[in-house]
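[1] Could you look at this predicted model? Sequence included:
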Protein chains: 8
Amino acid sequence: MDKESLLQILSNVAAGKTSVEEAAKTLKNLSFEDINYAHIDHHRSLRKGFPEVIFGQEKTSDQIIGIMEKMLHQENIVLVTRIDQNQSGKVVSHFPEAVYHQDARMVILEKKKMPIQGKGTILVLSAGTSDIPIAKEAYLTAEAMGNRVESVFDVGVAGIHRLLDHQTMIDKASVLIVVAGMEGALPSVVAGMVSRPVIAVPTSVGYGVSLGGLTALFAMLNSCSSNVAVVNIDNGFGAGYVASVINRS
Amino acid sequence: MDKESLLQILSNVAAGKTSVEEAAKTLKNLSFEDINYAHIDHHRSLRKGFPEVIFGQEKTSDQIIGIMEKMLHQENIVLVTRIDQNQSGKVVSHFPEAVYHQDARMVILEKKKMPIQGKGTILVLSAGTSDIPIAKEAYLTAEAMGNRVESVFDVGVAGIHRLLDHQTMIDKASVLIVVAGMEGALPSVVAGMVSRPVIAVPTSVGYGVSLGGLTALFAMLNSCSSNVAVVNIDNGFGAGYVASVINRS
Amino acid sequence: MDKESLLQILSNVAAGKTSVEEAAKTLKNLSFEDINYAHIDHHRSLRKGFPEVIFGQEKTSDQIIGIMEKMLHQENIVLVTRIDQNQSGKVVSHFPEAVYHQDARMVILEKKKMPIQGKGTILVLSAGTSDIPIAKEAYLTAEAMGNRVESVFDVGVAGIHRLLDHQTMIDKASVLIVVAGMEGALPSVVAGMVSRPVIAVPTSVGYGVSLGGLTALFAMLNSCSSNVAVVNIDNGFGAGYVASVINRS
Amino acid sequence: MDKESLLQILSNVAAGKTSVEEAAKTLKNLSFEDINYAHIDHHRSLRKGFPEVIFGQEKTSDQIIGIMEKMLHQENIVLVTRIDQNQSGKVVSHFPEAVYHQDARMVILEKKKMPIQGKGTILVLSAGTSDIPIAKEAYLTAEAMGNRVESVFDVGVAGIHRLLDHQTMIDKASVLIVVAGMEGALPSVVAGMVSRPVIAVPTSVGYGVSLGGLTALFAMLNSCSSNVAVVNIDNGFGAGYVASVINRS
Amino acid sequence: MDKESLLQILSNVAAGKTSVEEAAKTLKNLSFEDINYAHIDHHRSLRKGFPEVIFGQEKTSDQIIGIMEKMLHQENIVLVTRIDQNQSGKVVSHFPEAVYHQDARMVILEKKKMPIQGKGTILVLSAGTSDIPIAKEAYLTAEAMGNRVESVFDVGVAGIHRLLDHQTMIDKASVLIVVAGMEGALPSVVAGMVSRPVIAVPTSVGYGVSLGGLTALFAMLNSCSSNVAVVNIDNGFGAGYVASVINRS
Amino acid sequence: MDKESLLQILSNVAAGKTSVEEAAKTLKNLSFEDINYAHIDHHRSLRKGFPEVIFGQEKTSDQIIGIMEKMLHQENIVLVTRIDQNQSGKVVSHFPEAVYHQDARMVILEKKKMPIQGKGTILVLSAGTSDIPIAKEAYLTAEAMGNRVESVFDVGVAGIHRLLDHQTMIDKASVLIVVAGMEGALPSVVAGMVSRPVIAVPTSVGYGVSLGGLTALFAMLNSCSSNVAVVNIDNGFGAGYVASVINRS
Amino acid sequence: MDKESLLQILSNVAAGKTSVEEAAKTLKNLSFEDINYAHIDHHRSLRKGFPEVIFGQEKTSDQIIGIMEKMLHQENIVLVTRIDQNQSGKVVSHFPEAVYHQDARMVILEKKKMPIQGKGTILVLSAGTSDIPIAKEAYLTAEAMGNRVESVFDVGVAGIHRLLDHQTMIDKASVLIVVAGMEGALPSVVAGMVSRPVIAVPTSVGYGVSLGGLTALFAMLNSCSSNVAVVNIDNGFGAGYVASVINRS
Amino acid sequence: MDKESLLQILSNVAAGKTSVEEAAKTLKNLSFEDINYAHIDHHRSLRKGFPEVIFGQEKTSDQIIGIMEKMLHQENIVLVTRIDQNQSGKVVSHFPEAVYHQDARMVILEKKKMPIQGKGTILVLSAGTSDIPIAKEAYLTAEAMGNRVESVFDVGVAGIHRLLDHQTMIDKASVLIVVAGMEGALPSVVAGMVSRPVIAVPTSVGYGVSLGGLTALFAMLNSCSSNVAVVNIDNGFGAGYVASVINRS
């Protein structure tokens, strides 16, 4: 439930349009709702400015649909992350407005478009073609949360001139999300070029001692640039989310 | 060299107050200066809004003094991090305006106070008494970079009511830095209470499988709250820096 | 063989209802029985108050059935853990009284219901929907061992108010089992609210640096609450077992 | 503040022996008290049945004394753990009733002896002579919390007959704490002999691949006996604490 | 080529039964033979007392057959380890004397039975039913190398009386192979009972922090019994081999 | 675009054979070309002497074909690494000159054969039959880059005489690539025999504590021979590449 | 107490030379003796052929002396391992027959020389000068246990000809102990040259990714020679012990 | 013994200037010399073009002096690495020509200057001031082995313009050594700029998850530039050595 919806209910009560009993019934689920296998946190939109997001991994299509139905009573937008093609089929059939983004493994359902709330532009950079799925997850999350978002993919450090070619776009961004696997060096280089916050996302792309992304993660945490903060390996969603809350300041 | 100083020099040239030769001499070190054991990056203030910071670990007092002297020609503020009491003695004797903050292991030298540039307030929370040094490093860095900063120390999750007691202060902060060792749970709990960005700092406090802070780091990266980004273990400086760039947006 | 059965045999001998030879034949397998691929520990019920439990992983259906048959001669209850749907089919067909619990991957066969032996109530809490299978394994184990058990699922730390809503149930429990993956913070928070023992169960739910549950495990071992003890990753059975022996005191 | 003290204050108010103002003054610190570098959790005795314990590591003698003084206004017993001989000197001089236990690195100050509250006996077993300090920490903690405690040291698995010799003592214990380093096998063997809960404590004794206790920790978590729960490496205090809360059931 | 075969060839030359040319042709491959994808080390039987063994993993059936054919010209026995059912089909069809042992994933081809060369008896003990495949690999290897071998399976430490029941067999063994997963405690206990060498084999059986056998491996290396030496995780073959060379002394 | 091609274009302009506009059109893609999912670095041939190589893992056949088409406008040779049989089918059908090398998982397309540019011979040695795929990848890469290459496979350290047999070939090589899994000892032994640089390639062949190649990697990095440098686990391509740039000196 | 001493006592009783009471007094400590901080296992000489050995690390000089005194009542030889120069001073002063071996950090006290019991010769090889202390510990242990022992130090694999020079000595050994740090390759090479059992000892010598000996340990466990078994990092004592029990067969 | 010295001796014999006996005496130590605690490998100069280097760590000053004396009979240059100030005092006093380089922790003794043998220039780049000691070790080793060497220190990736400023020097180098700690990104960036081989040296500089250099090492091994090979953490000597053998081609 977002702030606007709550004010509407209360105004209706004040104006006599809604009885106290009706309002109470609606509001009693305000805090959270127990549907046996999940406690849905309706209060989150008010507290955090964005509804709870469904982590699709290891949930059945039916569990996801059940949670979505309850959320849609009170929310304008629902995001499902880490949902694969198999799981998404039944979900998308069930909700005609829902869209499945295969490369980012997300379902997004918007009853009405989230208005732009971010002050500046969020720029998503990725190091290699193989990092694109995670970069897309970050892109879609930031966009769904009401931000202007731009992206440049495949600008790794082994050809530093490719990166420098996008200097203008980099300079004007208010928050940067930098996605990289293997040696994870791109965030350090980008962060050395700007004064704005950089959210670094390590990916599990690579082999040998990429160790499922640990090497990229550790390299980013050791960045000699100080305007870098890091999220979990492959956590494009988290990067989009945290960049979004920064951009709303 | 900060933006203001650069504009001053150029205005003086324009106004005929400074000869072209003199200005050239000053500006020729703009990019960086090589003093044999270090390349000082004078350009950084212009590019990033804050001068380079000296990483004190494994440098001699004389090296630190040498770098500080060069920087002070062009900067209003110099920070030295990870400098212990032994190293700091000679440094503080050499520069009367320099102050050594023992608990945070920092030397700060301000020719003039950095004006407030942050829009909101940065709040530093720490989980235990032993985490205070890192929390102080974050606090002083954010303050030196021109922010209003507040702090609450020793509010760990094992007594959750201590945390809830500070709800008002937590709600009004625009960026939160949360410092915790051991199980590293505090950032998740705090981030679940607010809609603002949370910068989590794992510390190396603990024993057994705290693994020098790795456990707290990994726990924070796995946070089920999405508005959390993480910096390196014990990197209070980095947290203060990144919170500061967020607060300037 | 439980204590009651042993006493019965001896009484029968004393009363002349059973010849010494017959009794000897029954009791000769008391210690353990060798069926080629397994030594069945019949003595365990007497020594430990509960029969040996069959660890299903990497055993064939036939091996499991063979062990169950030998055990049923002397025991009233048999538990099989870590048995997947494929393995369970033949087992459940063979023993009509056996029930397969899919979410907990357990087979339970009770000739007669174990009477309540625990003094208080065991409460199972879990942090996320994805942790439910492990929580269910703990629940069913504790129940099968003769305890009153209650559960609340999906009460993670990112919405601390969901947890506080169950304060009454939490307060009255005599032992608490807390199941959590990802950052593993829930046991610390719960343990800070009660004076009773908390058995923490890390799960392998998550991605990136959840490291197959190691992060949650290490976070729990570092708990700043002292009334926490931990079992292996995903070891719901072990948690139910140890909570049960505590509850019998 | 323990329950008895609280009831006393309230009775005094009821009986007119204490004015409402005086009582309010005393109770206003009930929840916790802020002494700048620490939030003391006076509420804990009521909530958890035992006052907060001071983690001495990396605190100065003066900080420890300061916290102890505040606590002694309201508590009958204060424990300081992980305090070395140097730190303890000043503390013990300051509080004549305080006793330093060198082998367990603890300071214990009892205004009056904690009455026996545990129902049964807690038995502390340790595998080697080098594990004794951790075993002693567990012993003293359990004793200070009002339990009957017994101990047998140096009964490792390489001479299994030494262990079997103490069968009677092992059988009659209501909770067992088993301390072991190196291969950490002792808890499995002991737990296979009893039906009571076993709290296993891995120690960092050893070299090579003992890996600072990780090997013993992991071995204990993998125990094929199910009545074992584990605490952090070298966490004798935690083992004593959790055994104590089990024994009070 | 074993010693006997070499002596035979030379005797034949001495007796005029074989021409020098023929003998030279046979012996020129003595050192090793290059069949493009493998250098077969025919010299090994002479140097080490047993022919090279084929490591089947990631080899095709055809490669294995090719190597076997070359070896059979000069050897009386060929062992293939880590060969799965699919690979083995074609191999066993090709060589009618070859036998596939499914539980041990081995193919053994004996032209004539290796005579008993070991002085005493090798005893293979395993901790759980799931460890049997590795134990079988050790058993078959030791047997193929000309030893008397006995085995007792499923005698883990959680029921120590099962182990003590086999004291006689344990006492009379000249070398013991002890196979265990999970906490890996069995070798320590067994080694404490005997004066003979114990070869410990960790297995990857388990879950959670069994870490694919690393925990058992490290526990065994930390054994407080000194007559223990260890081989790689799941290396039943290596254990059988080294036990065999010890038994030949 | 290689150097020769660039000179040709410029000569044509100088000779009036190509108009400035045409030349400009060709050269505007010189730096790199953006085909949405990839930035192709055409400048690399000039800068590094060899065109960018396509890392096939997790790319679709269509993406690979798209990148190859763009590259073939300007390059004489294209390499695709880590491409499995499924992916390669469509690629090889599309480009008749392309060849798929199954054992090395590479596609190589040469418009005209790269002339020999290396001064000496590169020798590829591998320790076991299972290491051959990685050794082949190194072999083919070095050959494609214009070197004379030789190889000896299956010469592990457990039969040191097999290695010594190839002394002549080893002595005359100008760079050596040594590929080994398991204990990774071969590079140390080879490097002790020669004065030339040795590029060591650890492979992920093995089980138990081979840890996916980490053990071989660490062993090689610890080599007591000083003329050894190491590349990533299973990185045959990188070894061939770096050996090639050494050989061109 | 060794076998001979036991037989003597019993013979004396049989011959009437010792009263039953006297014999009983002597024998009552046969099993073990509890001296508060240690259970001394006097039974071990009978059970295992060699008395318990004192692990000196983290024991005080007084504890060591106390244990030695009790042992000397019944044993002819006492070994103390991991005892540094400081600890040893008081011990050697107390027992005039005790000798401190500084390089091996051992104290050895022999009332009478252990007679030669080993059948063949044990050969100790070490890879580098820095591995000598561990090699010496193995040497002295094997010698004290009644074996003929020889040694060759500093024969690492980077100069393989140094090793081959000692072929004769290597060939005639009945058990080989091979000590190596860094890449740990020596045991594989040696084991490939002989048919006898090789006990490999990894050492913590090295830096960087030697990881305190883990690399050498893992390399040895992965040995492609099968007659290798391994003991813990730096465990020279264990290697000497296990080689000795092999040599007694 | 270098090649020149050997030829001299033989010429002298040929010319009758040296008797066969005298020459034999000199040459008998050619292969190696056993001075009890070390086998000195005099043959190495001939075989590898540079004498054995003394690894100073954990050797006494006297052992180092002993080895140096033997080597100086036959070599013109001796290097000692990893020798600290304490060890070096006695060594430098003993050999007046020896020089101690404190920052690189090396002793170098040159009887006569090694002539330039490398074809091009070796360039040593380092990322931070704290990496200088390792960079110096690489510099001095390469120089001692007869190369032209240049260096640029403190050019990390967080200020990429500092690096670009040295483009000319970078372009003309024939081999590059790149030293970096923390995130280890510099080698990737440099390698992307050149076609020459890059030897990457990770250092242990940093804190938190720098993990003693493992992060930098892994990042370098994952480099997306293919002309990078890596040596052990802090192994400046190895990098100088391998760069030198490349430069001699």
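    Structure received.
[2] going forward, measure contacts between C-alpha atoms and count neighbours the same way
    Will do.
[3] who are the neighbours in contact with whichever residue of chain A sits closest to chain D?
    Of all residues in chain A, residue A:214 sits closest to chain D, at 20.5 Å by CA to the nearest CA. The contact partners of residue A:214, by CA atoms under 8 Å, 6 or more residues apart in numbering or on different chains, come to A:202, A:204, A:233, C:208, C:209.
[4] What are the phi and psi values at it?
    Taking degrees, to the nearest 10, you get phi -60, psi -40 for the backbone angles of residue A:214.
[5] Would the helix or strand that contains residue A:178 count as contacting chain F?
    Secondary structure from DSSP states H and E places residue A:178 in strand A:175-180. No: with CA under 8 Å from any CA of the partner chain as the criterion, chain F is not reached by strand A:175-180; the gap is at least 14.2 Å.
[6] Any buried residues in the helix or strand following that strand, and which?
    Reading on from strand A:175-180 to the C-terminus, the next helix or strand found by DSSP H and E is helix A:186-191. For helix A:186-191, burial by neighbour count (16 or more other CA atoms under 10 Å in any protein chain shown) applies to A:186, A:187, A:188, A:189, A:190, A:191.
[7] and if you look at stretch A:167-174?
    Under the neighbour-count criterion of 16+ other CA under 10 Å, stretch A:167-174 has A:170, A:171, A:173, A:174 buried.
[8] Show me those residues that map onto strands.
    Using DSSP state E, no member of the buried residues of stretch A:167-174 sits in strands.
[9] For chain F, state which of these is nearest.
    residue A:170 (16.8 Å).
[10] which parts of chain A sit against chain F?
    Selection of chain A residues close to chain F by CA under 8 Å from any CA yields A:128, A:129, A:130, A:132, A:153, A:154, A:155, A:159, A:162, A:207, A:208, A:209.
[11] Just give the number of residues close to the nearest residue to the third one once chain neighbours are set aside.
    Same thing as residue A:130. Nearest non-adjacent residue to residue A:130, counting by CA to CA, 6 or more residues apart in numbering or on different chains: residue F:58, 6.3 Å away. Residue neighbour count, defined by other CA atoms under 10 Å in any protein chain shown, stands at 15 for residue F:58.
[12] Could you measure from residue F:58 over to residue F:231?
    According to CA to CA, to the nearest Å, residue F:58 and residue F:231 sit 22 Å apart.
[13] For the closest residue to residue A:84 other than its chain neighbours, which residues are in contact?
    For residue A:84, ignoring the flanking residues on the chain, the nearest one in space by CA to CA, 6+ apart is residue A:105 at 5.7 Å. Residue A:105 is in contact with A:81, A:82, A:83, A:84, A:85, A:133, A:137, counting by CA under 8 Å, 6+ apart.
[14] Residue A:53 is in contact with the second one, correct?
    No: between residue A:82 and residue A:53 there is no contact, the gap being 10.8 Å when judged by CA atoms under 8 Å.
[15] what about the residue of chain A found nearest chain C, which helix or strand?
    Closest to chain C within chain A is residue A:233: 4.5 Å, counting by CA to the nearest CA. For residue A:233, there is no enclosing helix or strand under DSSP H and E.
[16] circling back: which of the buried residues of stretch A:167-174 lies closest to residue A:241?
    Checking the buried residues of stretch A:167-174 against residue A:241 by CA to CA gives residue A:174 as the nearest, at 14.4 Å.
[17] Can you check what pLDDT the model gives that closest one?
    Confidence at residue A:174, expressed as pLDDT, is 93.
[18] and if you look at the one 4 residues further on?
    Here the pLDDT value assigned to residue A:178 is 96.
[19] From chain E, how far out is the residue nearest to residue A:57 when sequence neighbours are not counted?
    Once flanking residues are discounted, residue A:57 sits nearest to residue A:82: 5.5 Å by CA to CA, 6+ apart. Separation of residue A:82 from chain E (CA to the nearest CA, to the nearest Å): 23 Å.
[20] that older thread, and the gap between the residue nearest to residue A:130 and residue A:200?
    Residue F:58 sits 22 Å away from residue A:200, going by CA to CA.
[21] Check residue A:212 too.
    Distance of residue A:212 to residue A:200, given as CA to CA: 16 Å.
[22] Sketch out the strands for chain A, chain order is fine.
    With strands called from DSSP E, chain A shows them at A:33-34, A:39-40, A:54-55, A:77-81, A:99-101, A:106-110, A:121-126, A:148-152, A:175-180, A:198-202, A:228-230.
[23] Is chain B within reach of the fourth one?
    Put plainly, it is strand A:77-81. No: against chain B, strand A:77-81 shows no contacts by CA under 8 Å from any CA, the least distance being 12.3 Å.
[24] Tell me what angle that strand forms with strand A:106-110.
    Interaxial angle of strand A:77-81 relative to strand A:106-110 (axes from the mean of the first three to the mean of the last three CA atoms, to 10 degrees): 180 degrees.
[25] Measure how buried whatever residue of chain A ends up closest to chain G is and give me the count.
    Relative to chain G, the nearest point of chain A is residue A:209 (13.2 Å; CA to the nearest CA). Residue A:209 sits with 24 neighbouring residues when counted by other CA under 10 Å.
[26] Measure how buried the nearest residue to it once chain neighbours are set aside is and give me the count.
    Nearest non-adjacent residue to residue A:209, counting by CA to CA, 6+ apart: residue H:218, 6.0 Å away. Neighbour count for residue H:218, taken as other CA under 10 Å: 26.
[27] which residues touch the residue most central in space within chain A?
    With distances taken as CA atoms, centre = their mean, the residue of chain A nearest its centroid is residue A:141 (3.1 Å). If you count contacts by CA under 8 Å, 6+ apart, residue A:141 has them with A:237, A:240, A:241.
[28] try 6 Å this time
    By CA atoms under 6 Å, 6 or more residues apart in numbering or on different chains, the contact set of residue A:141 is A:237, A:240.
[29] so where do the helices sit in chain A?
    Secondary structure of chain A by DSSP state H: the helices cover A:3-14, A:20-27, A:44-48, A:61-72, A:85-94, A:132-144, A:160-164, A:167-172, A:186-191, A:214-221, A:236-247.
[30] List the buried residues in the fifth one.
    Pointing back at helix A:85-94 there. Using 16+ other CA under 10 Å as the test for burial, helix A:85-94 gives A:87, A:88, A:91, A:92.
[31] Could you find the closest non-adjacent residue to the first one?
    By that I understand residue A:87. Nearest non-adjacent residue to residue A:87, counting by CA to CA, 6+ apart: residue A:61, 5.3 Å away.
[32] got any ranges where chain A has weak pLDDT?
    In the predicted model, chain A carries pLDDT under 70 at residues A:1-14, A:19-49, A:249.
[33] In it, which residue sits closest to chain F?
    For chain A, CA to the nearest CA, closest residue to chain F: residue A:208, 4.5 Å.
[34] Run through the residues that contact that residue.
    Shown in contact with residue A:208 (CA under 6 Å, 6+ apart): residue F:233.
[35] Same check on residue A:178?
    Taking CA under 6 Å, 6+ apart, we find residue A:178 in contact with A:124, A:125, A:126, A:187, A:200.
[36] Mind listing the residues bridging to it?
    With DSSP bridges as the criterion, residue A:178 is bridged to residue A:125, residue A:200.
[37] Next one: the spatially closest residue to residue A:136 that is not a sequence neighbour relative to residue A:61, how far apart?
    Leaving aside its sequence neighbours, residue A:136 sits nearest to residue A:104 (CA to CA, 6+ apart; 5.4 Å). Distance, residue A:104 to residue A:61, using CA to CA: 18 Å.
[38] neighbour count winner among those two?
    residue A:104 (23 against 17).
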